[in-house]
Structure formats: C-alpha cells, structure tokens
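In: The sequence and its predicted three-dimensional model are supplied below.
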Amino acid sequence: MTHDVAKQVRGYMMVFGTLLVLTLITVGVSYLDLPEVETVVVALVIATTKASLVAMFFMHLKGERQMVTWPLALTAFLFVALLGSLLMSESDHLFGARFQDSFQSIKD
C-alpha cells in the first residue's frame, strides 16, 4: 500500500511541475513581442492545457465513468457555444460600428 501512495504522490508532483512550467511559459510569452492575436492564442492554448490537467488529475476525472464525463462534456460544449454566441453578437464593435454611427447616417 505504501508503494501505491508513493506512486500517486509522484504523479501529483509531476502534474504540479508541469503546471509550474506552463505558468512560466505563459509569463515568458507575455514578454515576447508577438502580435496580439498570436499572444492570445498561445495563452489560451496553455490555459486550456493547464485546466485539463487540473480536471483530469486533481479532480480525478481521468478515471471516472461515462455517467460523470458526459454531463461534464455537455457543460463544456454549452459554455463554448454560449461564449461563441456572445462574441458573435458583440463582433460589430470589433469593426468600428457603433450605435451613434447609425443615428448619424439617419440624420444625413
């Protein structure tokens, strides 16, 4: 039994080390002179990797049955869908369209 606990602790320490390295990489990327889009994409990829490591190992979802993983996958899908719909509805602000601009075109 002691060998089994030592193996689990070693696995947790490996995941902790990986999370620490990924955090240092995130800080390092923030100091690079990359364009904004590439910086955000790299940061999101690293954050997603870190979140999946935490969920799989520290929340013990790696060994769960399908009864637990399906609702979790559905929740993740709905979160992404709602976030995507929010970003699509606010995308007109990205291209410079503003509410006041529509009134200016009506007045002219």
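Out: Received, thanks. Numbers count the residues shown, from 1 in each chain.
In: ok, then the element right after the helix or strand hosting residue 45?
Out: Assigning secondary structure by DSSP states H and E places residue 45 in helix 36-53. Scanning forward in sequence from helix 36-53 by DSSP H and E, the next helix or strand is helix 66-89.
In: Domain map for the chain?
Out: 1-63, 65-108 (automatic domain parsing).
In: quick one: contacts of the helix holding residue 45?
Out: Residues outside helix 36-53 that contact it (Cβ atoms under 8 Å, 6 or more residues apart in numbering): 15, 18, 19, 22, 23, 25, 26, 29, 30, 32, 34. Where C-beta positions appear, they are placed from N, C-alpha and C, glycine not excepted.
In: For that helix, output the C-alpha coordinates as CSV.
Out: Output in CSV follows, covering the C-alpha atoms of helix 36-53 (Å, rounded to 0.1, in the frame of the first residue of the first chain):
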residue,chain,number,x,y,z
GLU,A,36,-1.9,40.4,-30.0
VAL,A,37,-3.7,37.6,-31.8
GLU,A,38,-0.8,35.2,-31.6
THR,A,39,-0.2,36.1,-27.9
VAL,A,40,-3.9,35.4,-27.0
VAL,A,41,-4.0,32.1,-29.0
VAL,A,42,-0.8,30.8,-27.2
ALA,A,43,-2.1,31.9,-23.8
LEU,A,44,-5.5,30.2,-24.4
VAL,A,45,-3.8,27.0,-25.5
ILE,A,46,-1.6,27.0,-22.4
ALA,A,47,-4.6,27.8,-20.2
THR,A,48,-6.7,25.1,-21.7
THR,A,49,-3.9,22.6,-21.2
LYS,A,50,-3.5,23.6,-17.6
ALA,A,51,-7.2,23.4,-17.0
SER,A,52,-7.4,19.9,-18.5
LEU,A,53,-4.5,18.7,-16.3
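In: For it, buried residues please.
Out: Buried residues in helix 36-53, counted by 16 or more other Cβ atoms under 10 Å: 42, 50, 53.
In: What of stretch 53-73?
Out: For stretch 53-73, using 16+ other Cβ under 10 Å, the buried residues are 53, 57.
In: just to revisit the earlier point, mind checking which of the contacts of helix 36-53 are in strands?
Out: Taking DSSP state E, every one of the contacts of helix 36-53 sits outside strands.
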